[in-house]
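Trainee: Quick one, what's the 3D model for this:
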Amino acid sequence: MTPRDHLRQLVEELPDSEIPTAERVLEALAGQADPLRRLLDSAPLDDEPESEEERALVEEARADRDAGRLTPHEEVKRILGIP
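Mentor: Residues are numbered from 1 along each chain as shown. Okay, the predicted model is just below:
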């Protein structure tokens, strides 16, 4: 039995009450394998106050969203040349 198979077996044997805990632990482990995730998790918090300009831009973006003025994700990827 491979280690991955053993993990699957352990998960299958867990009582339902322990599944959320196991899920959180495995998600944390998976996140630690991603270098970008580690970098973002260790980045300092942005504690600078929001400027009036930033506030206005956020309100404009929310108004665009609420009015349906959105660009679909696939279109953004096409514009940026991302496959």
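Trainee: Output the helix or strand of the chain with the lowest mean pLDDT as PDB, restricted to C-alpha atoms.
Mentor: Taking mean pLDDT, DSSP states H and E as the measure, the chain has helix 35-42 as its least confident helix or strand, at a mean of 86. Taking C-alpha atoms only, helix 35-42 is exported to PDB below (Å, rounded to 0.1, in the frame of the first residue of the first chain):
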ATOM      1  CA  PRO A  35       5.700  28.700  -2.500                       C
ATOM      2  CA  LEU A  36       3.300  31.500  -3.500                       C
ATOM      3  CA  ARG A  37       0.900  30.600  -0.700                       C
ATOM      4  CA  ARG A  38       3.800  30.600   1.800                       C
ATOM      5  CA  LEU A  39       5.000  34.000   0.600                       C
ATOM      6  CA  LEU A  40       1.500  35.500   0.800                       C
ATOM      7  CA  ASP A  41       0.900  34.000   4.300                       C
ATOM      8  CA  SER A  42       4.100  35.500   5.600                       C
END
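Trainee: and the next element down the chain from that helix?
Mentor: Per DSSP states H and E, the first helix or strand lying C-terminal to helix 35-42 is helix 52-66.
Trainee: right, and the helix or strand after that next one?
Mentor: helix 73-80.
Trainee: what's that following helix in contact with?
Mentor: With C-beta atoms under 8 Å, 6 or more residues apart in numbering as the test, helix 73-80 has contacts from 71, 83. C-beta: built from backbone N, CA, C; applies to glycine.
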